[in-house]
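sequence unavailable; structure follows:
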């Protein structure tokens, strides 16, 4: 089963499609220059039951994971997802930014990105749909899938080294931010899909 991640699709007939090739075998990396209260992917979840197997253009994901982030079930989780491009020896943000002030209510909404990108592959939805990312000890059980990331863009050249940053913050019922937040990155190299396909021709 394949997971097609399409971020920031631009609906133009002449849009170029780009395929992501993963930079690191570990897949997830830490956000640089963060204070101690900003946790990495391992502060969000225990991944010891999750396996990432590198394939030609993607990772095959199998297994389950258990949430660790110490927040409350009633907290509001804010999520920000930004794609950066490495340009002239520095990381600069691109136009691809998604910010959701209240992530949990749409986590399993079939009309949202999250469902088609990931949550449709979770098999214990009925058990966890009211817990979101908020209850430590919750196990997320999912089907195997391939992480195959494509982007369509008619405006900018997306080829080259990029990274996808995920930031999660939790707020209590008085709208006070919890002491810890989450930040992690996935480094990729975008290759124009037409060029990739041509390179495979004899």
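Received the coordinates, thanks. Owing to the predicted nature of the structure, the values given are computational and were not obtained by experimental measurement.

contacts only, for the residue at minimal distance from the centre of the chain.
Nearest residue to the geometric centre of the chain (CA atoms, centre = their mean): residue 166, 6.2 Å. By CB atoms under 8 Å, 6 or more residues apart in numbering, residue 166 lies in contact with 79-81, 182-186. (Glycine included, C-beta is placed from N, CA and C.)

pull the contacting residues for residue 41.
Taking CB under 8 Å, 6+ apart as the criterion, residue 41 is in contact with 28, 47, 182, 184.

nope, residue 70 is what I meant
136, 180.

which ones among the contacts of residue 41 lie within strands?
28, 182, 184 (DSSP state E).

got those as a markdown table, with distance to residue 131 columns?
Listed next are the ones in strands among the contacts of residue 41 as a markdown table, based on distance: CB to CB, whole Å:
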| residue | distance to residue 131 |
| --- | --- |
| 28 | 22 |
| 182 | 16 |
| 184 | 21 |
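
pLDDT for those residues - can I get that in CSV?
Output for the ones in strands among the contacts of residue 41, formatted as CSV (pLDDT from 0 to 100):
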residue, pLDDT
28, 93
182, 98
184, 97
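
if any of those are buried, put those into a ChimeraX selection.
Applying 16 or more other CB atoms under 10 Å to these leaves a buried subset, and the ChimeraX line that selects it is:
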select :28,182,184
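
for residue 93, I want the exact helix or strand it lies within.
strand 90-100 (DSSP states H and E).

what about that strand, average pLDDT?
For strand 90-100, the mean per-residue pLDDT is 90.

and it, what other elements does it pack with?
strand 76-87 (3 or more CB pairs under 8 Å, 6 or more residues apart in numbering; DSSP states H and E).

about what we covered before: so how far is residue 97 from the residue nearest to the centre of the chain?
According to CB to CB, to the nearest Å, residue 166 and residue 97 sit 12 Å apart.

quick check: neighbours shared by the two?
Contacts common to residue 166 and residue 97, judged by CB under 8 Å, 6+ apart, are 80-81.

show me which of the contacts of residue 41 is closest to residue 105.
residue 182 (18.5 Å; CB to CB).

thought residue 16 was touching residue 150?
No. Taking contacts as CB atoms under 8 Å, residue 16 lies outside contact range of residue 150: 10.6 Å.
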